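Participant: I'd like to go over a predicted model; first the sequence, then the structure.
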Amino acid sequence: MAIKAGESPGAPPALFERLEQGLYKRNAPVVITQAELNRYLTNHLQANDVGPLAEYLKMAHFDIQCLDKGFDVRYAWRAQNGHLAAATMHFEVRREANQFLIEPVSGSYGRLPVPRGVMAPLLPALKSLAAAIKPELDLAFQMNQLKFEPGRIVLDPRVEAGR
């Protein structure tokens, strides 16, 4: 499965524009709710079924759930026999020096928790998702503070006090 940016003619979407404005003005944090983020991803990305199992599996849904200090990426796909399956991968976000690090921590297939190494089959889909939203990620990583909270992301371009 590959995810790529959809063709959206016209003006840039409001979410992208808000990130650009926040970075340009540098006077207030930009708050993105989980609902806004998932609506943006749904409207501006498209999943393509590729690879050796493409004829047997069809992408049904994916979304991001914002948590304290990280996020979950959830995928659901439908097998040829109609069976719905899901996988979730949990990531933690932290800052070291001037760089944000996004680290896969754990995951689950359905309700079965598994260590991050077992989630390796999801890596191609995750890499294509990151490539599809690279412009948005580049803008977000230019912010001085990136904080995940339950249900939202707070991106603050202002310099932290004491720096």
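Facilitator: Here it is on my side, so go on.
Participant: how much space separates the residue nearest to the spatial centre of the chain from residue 81?
Facilitator: Central residue check for the chain by Cα atoms, centre = their mean: the C-alpha nearest the mean position is that of residue 64, 5.8 Å away. Using Cβ to Cβ, to the nearest Å, residue 64 is found at 28 Å from residue 81. For glycine as for every other residue, the C-beta is placed from the backbone atoms N, C-alpha and C.
Participant: and if you look at residue 45?
Facilitator: 27 Å.
Participant: ok, residues contacting the longest strand seen in the chain?
Facilitator: Longest strand in the chain, counting residues (DSSP state E): strand 84-96. The contact list for strand 84-96, computed with Cβ atoms under 8 Å, 6 or more residues apart in numbering, reads 60, 67, 69-79, 100-110, 116, 119, 122, 126, 145-146, 148.
Participant: for it, buried residues please.
Facilitator: Buried residues in strand 84-96, counted by 16 or more other Cβ atoms under 10 Å: 87-93.
Participant: which among the contacts of strand 84-96 count as buried?
Facilitator: Those of those that meet the buried threshold are 67, 70-75, 77, 104, 106-108, 119, 122, 126, 146, 148, by 16+ other Cβ under 10 Å.
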